[in-house]
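Trainee: next comes the sequence, and after it the predicted model I'd like to discuss.
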Amino acid sequence: MRNFPVPYSNELIYSTIARAGVYQGIVSPKQLLDEVYGNRKVVATLGLPSHLGVIARHLHQTGRYAVQQLIYEHTLFPLYAPFVGKERRDEAIRLMEYQAQGAVHLMLGVAASRVKSDNRFRYCPDCVALQLNRYGEAFWQRDWYLPALPYCPKHGALVFFDRAVDDHRHQFWALGHTELLSDYPKDSLSQLTALAAYIAPLLDAPRAQELSPSLEQWTLFYQRLAQDLGLTKSKHIRHDLVAERVRQTFSDEALEKLDLKLAENKDTCWLKSIFRKHRKAFSYLQHSIVWQALLPKLTVIEALQQASALTEHSITTRPVSQSVQPNSEDLSVKHKDWQQLVHKYQGIKAARQSLEGGVLYAWLYRHDRDWLVHWNQQHQQERLAPAPRVDWN
């Protein structure tokens, strides 16, 4: 297809294809499939499309947009990849390049997940206004389609159309600003806007592309988290205390809206399961709720770095209780390790963002916060003073 449009920043590739049809004046869905794919049987898929090798070839003249770049920058794949393990992640990337026939959704657990998405089209009026001002047209933005979380990370609740993505299997619907609603209800659940803002960096962080902890690492991560926060008794997780901490951040109304209500009286409660041995992948939403509630000082990327750095020897095998505290020798070793990392990476921020640094920072923050804050304040890099301005008068 000639003159295939270049994707805008944070635009779904589905939206780019829809714009191509508008630019070429193509009305027939099958004709657009012919022009773009040379195949009339391709299904219009919004979040996890396949046949991306064809799209990469259309964009070859730009010198950018290899298949993996399209996957990580213009689909919802980054919301699933960190939670399914490296082998499954890499196989899904391979399938998305060619004809997947629905296998990607099965592989990434979309079909079986308790986190279900509303398939209706949605948009953020404030974002659309910015798009029209900057680009002169509107398009479907990735962060409007966080599964089961219909909130813009910047502006809050999204507005839904009656039309759904799967109303027509082969139709690519473009976002036309002339059909936008001028009057729409506002949702006041700021907790969920904050959750969307917390999650959004997963879509845009190159560092996250290689972070896909195994099920064993996730098991260790949550065991360690409970241990470090004193949410254990002997060798057992205090699930009641975990739920209490989550409720301090998320109301029952917010959790019910996400279909992740805490059924503590049931052994199958998702929050209990995520702190047990991981036999299956949990969704980005379940992980993020726990992290935002229990690790509010860490970013979503730093939490992933912690899990990725864990090994089977990363957690103590002795019985733990709320009263267990590290001894002075342990603290001294950790202090020295942190100081060496800061010097190695030439700064606190860079050290904290490294794999080993994210884990160590979190440990010190929980066990010796006063020392960590004081030492970091004493070793902040001095900002260079701006050069004096020349007075030409």
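Mentor: Received, thanks. Numbering: from 1, shown residues only.
Trainee: strands of this structure, start to end?
Mentor: 120-123, 151-152, 156-157, 159-164, 232-233, 236-237 (DSSP state E).
Trainee: closest one to Leu260 among those?
Mentor: For those, distance to Leu260 was read as C-beta to C-beta. The smallest value, 14.4 Å, belongs to strand 151-152. (Glycine included, C-beta is placed from N, CA and C.)
Trainee: gap between the closest one and the chain center?
Mentor: 13 Å (C-alpha atoms, centre = their mean, to the nearest Å).
Trainee: wait, isn't Val110 in contact with Leu48?
Mentor: Yes. A contact is recorded between Val110 and Leu48 when judged using C-beta atoms under 8 Å, the distance being 7.1 Å.
Trainee: overlap in contacts, those two.
Mentor: Contact with both Val110 and Leu48 is made by residues Tyr80, according to C-beta atoms under 8 Å, 6 or more residues apart in numbering.
Trainee: on that earlier part again, can you list the strands of the chain in a markdown table and add mean neighbour count and distance to Ala362?
Mentor: Rendered in a markdown table, the data for these read as follows (neighbours: other C-beta atoms under 10 Å; distance: least, C-beta to C-beta, whole Å):
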| stretch | mean neighbour count | distance to Ala362 |
| --- | --- | --- |
| strand 120-123 | 19 | 35 |
| strand 151-152 | 24 | 27 |
| strand 156-157 | 20 | 30 |
| strand 159-164 | 14 | 38 |
| strand 232-233 | 17 | 17 |
| strand 236-237 | 14 | 18 |
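Trainee: could you tell me the least trusted of these?
Mentor: Lowest mean pLDDT of the strands of the chain: strand 232-233, a mean of 86.
Trainee: that one pairs with which strands, parallel or anti?
Mentor: The pairing partners recorded for strand 232-233 under DSSP bridges are strand 236-237 (antiparallel).
Trainee: what does the strand it pairs with contact?
Mentor: Under the contact criterion C-beta under 8 Å, 6+ apart, strand 236-237 has outside partners 223, 226, 231, 272, 275-276.
Trainee: can you redo those residues as TSV with pLDDT, distance to Gln24 and neighbour count?
Mentor: Formatted as TSV, these follow (pLDDT from 0 to 100; distance: C-beta to C-beta, whole Å; neighbours: other C-beta atoms under 10 Å):
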residue	pLDDT	distance to Gln24	neighbour count
Gln223	91	55	21
Ala226	90	56	20
Leu231	88	58	20
Lys272	94	53	17
Phe275	95	52	20
Arg276	93	53	13
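Trainee: ok, residues contacting stretch 100-117?
Mentor: 47-48, 50, 77, 80-81, 84, 88, 91-92, 95-96, 145, 147-148, 258-260, 270, 280-281, 283, 285-286.
Trainee: in helices only, show me the residues you listed.
Mentor: Among those, the members falling in helices are 88, 91-92, 95-96, 270, 285-286 (criterion: DSSP state H).
Trainee: what's the domain layout of this structure?
Mentor: Structural domains of the chain, as assigned by automatic domain parsing, span the residue ranges 13-165+173-196, 213-324, 325-379.
Trainee: Val6 is nearest to which of these?
Mentor: Comparing the domains of the chain by their distance to Val6 (C-beta to C-beta), the top pick is domain 13-165+173-196, with 6.0 Å.
Trainee: spatially nearest residue to the residue most central in space within the chain (excluding sequence neighbours)?
Mentor: The residue lying closest to the centre of the chain (C-alpha atoms, centre = their mean) is Leu202, at 3.3 Å. The shortest distance from Leu202 to any residue other than its chain neighbours is 5.2 Å, reached at Pro78 (C-beta to C-beta, 6 or more residues apart in numbering).
Trainee: for that neighbour, give me its contacts.
Mentor: Shown here is Pro78, whose contacts under the criterion C-beta under 8 Å, 6+ apart are 72, 202-203, 205, 208-209.
Trainee: change it to 7 Å
Mentor: With contacts taken as C-beta atoms under 7 Å, 6 or more residues apart in numbering, Pro78 has the following neighbours: 72, 202-203, 208.
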